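Participant: Sharing a model that was predicted from the sequence below.
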Amino acid sequence: QVQLVESWGGLVQPGGSLRLSCAASGFTLDRYAIGWFRQAPGKEREGISCISSSDGSTYYTESVKGRFIISRDNAKNTVFLQMNSLKPEDTAVYYCAADAASCHRRMAYWGQGTQVTVSS
């Protein structure tokens, strides 16, 4: 059974950091492109970062570039999203997703999401 589970969301003050994890079971993560998406209340889900399966190249949307880092630990079959210098506008439910081809809006597999709240 293919499953993705996100962990380590939470409440953090502005300027703080969180490290989200996305653990896979039922398949090998390094054979898939892995994307991180987020959805804030009243807004559409947006793709914020991606790591490719082929060469490990990474992508970041402009609003998180320089603050977020996506990485992969193949031994743990887990992808991480290190989030630094968090802002209130980063508040959202964060999802990881996997696809055999590439990162796009309709990824094949999705996690259940983890809430990130940035507030003082």
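Facilitator: Sure thing, it's come through.

Participant: which residue packs closest to residue 80, ignoring adjacent ones?
Facilitator: The shortest distance from residue 80 to any non-neighbouring residue, by C-beta to C-beta, 6 or more residues apart in numbering, is to residue 71 (5.0 Å). (Each C-beta comes from the backbone N, C-alpha and C, glycine too.)

Participant: Which residues are in contact with the one you found?
Facilitator: Counting by C-beta atoms under 8 Å, 6 or more residues apart in numbering, residue 71 touches 51, 79-80, 82.

Participant: Can you tell me which of those residues end up in strands?
Facilitator: Among these, the members found in strands (DSSP state E) are 51, 79-80, 82.

Participant: and those as a markdown table, adding pLDDT and distance to residue 35?
Facilitator: Output for the ones in strands among the contacts of residue 71, formatted as a markdown table (pLDDT from 0 to 100; distance: C-beta to C-beta, whole Å):
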| residue | pLDDT | distance to residue 35 |
| --- | --- | --- |
| 51 | 96 | 8 |
| 79 | 97 | 9 |
| 80 | 98 | 13 |
| 82 | 98 | 15 |
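
Participant: Just the buried residues from those residues, in PyMOL please.
Facilitator: This is how PyMOL selects the buried members of these, with burial counted by 16 or more other C-beta atoms under 10 Å:
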select buried, resi 51+79+80
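
Participant: Might you report the residue contacts of the residue of the chain positioned farthest from its centre?
Facilitator: Distance from the centre of the chain peaks at residue 120, with 23.1 Å (C-alpha atoms, centre = their mean). The neighbours of residue 120, taking C-beta under 8 Å, 6+ apart as the test, are 13-14.
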